[in-house]
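*Asks:* here's my sequence, what's the structure:
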Amino acid sequence: MATRAAMDATLWGLERTTLGELAARTGVSKSGILTAFGSREGVLEATVAAAREIYLTEVLGPTAGSPAGAARLHAVVDAWLSYAKRHVFPGGCFLVTTGVEYAGQNGVVADRVRAFKREWLDFLAHHFARAGVRDPFAAALHFDSVLGGGISTWGLLGEERVLDVAAEAARALIP
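*Replies:* Next comes the predicted model:
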């Protein structure tokens with residue numbers, strides 16, 4: 001159920017997730033959903049957790065065998081490009097969609113989205129530091145911005161070339 005909600009959230013936002021829509025899409029009753037998750041907020045928290053696991057599996061998992069630093073960052077670009085082109089999330093990227101949706105908001109779900117984004121940026125900053133970059137957080141932010149902008153522009157325009165250009169621009173940031 002949470003995975004279905006994560007997929008849908010990339011199309012129309014996490015806050016638009018209702019128990020009724022989730023029940024209709026999964027074939028589980030609203031009471032069954034509430035029994036499993038306790039509340040709508042519980043569903044949304046589980047949705048963020050499910051999206052995080054998918055992202056870790058699809059984007060970071062394939063990079064595990066690469067050495068830390070520049071090699072790992074190049075592997076991230078490869079994995080990200082594959083993830084984007086395979087439409088793992090139908091609306092592009094859960095983290096991009098929910099990052100915009102929850103910017104400036106408070107609450108448990110917003111905190112979960114922020115923690116997910118921080119984990120991603122910390123991962124990138126660690127590898128930029130290992131690559132010898134003077135300001136690893138700035139490099140991580142630039143890298144993330146290029147990839148996030150690429151996938152959101154691809155989602156809007158539907159032109160796969162945008163993903164290739166974003167990947168090339170991200171690679172140019174790696175020392």
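*Asks:* please, where are all the helices along the chain?
*Replies:* All helices of the chain, identified by DSSP state H, fall at 2-12, 19-26, 30-37, 40-55, 70-85, 94-102, 108-130, 136-157, 161-172.
*Asks:* run the chain-centre distance for the fifth one.
*Replies:* Centroid separation for helix 70-85 versus its chain: 13 Å, with CA atoms, centre = their mean, to the nearest Å.
*Asks:* lowest average confidence, helix or strand, in the chain?
*Replies:* Ranking every helix and strand in the chain by mean pLDDT, DSSP states H and E puts helix 19-26 at the bottom, with a mean of 82.
*Asks:* and of the helices of the chain, who's closest to T63?
*Replies:* The closest of the helices of the chain to T63 is helix 70-85. By CB to CB, the value is 3.8 Å. Placement of C-beta: from N, CA and C, glycine included.
*Asks:* quick one, what contacts the nearest residue to W154 once chain neighbours are set aside?
*Replies:* Closest residue to W154 in three dimensions, ignoring its sequence neighbours and counting by CB to CB, 6 or more residues apart in numbering: V162, at 4.3 Å. Under the criterion of CB atoms under 8 Å, 6 or more residues apart in numbering, the neighbours of V162 are G150, T153, W154.
*Asks:* by neighbour count, which of these wins?
*Replies:* Among the contacts of V162, the one with the most neighbours (other CB atoms under 10 Å) is G150, at 25 neighbours.
*Asks:* list the contacts for that one?
*Replies:* Going by CB under 8 Å, 6+ apart, G150 touches A84, V162, L163, V165, A166, A167, A169, A170.
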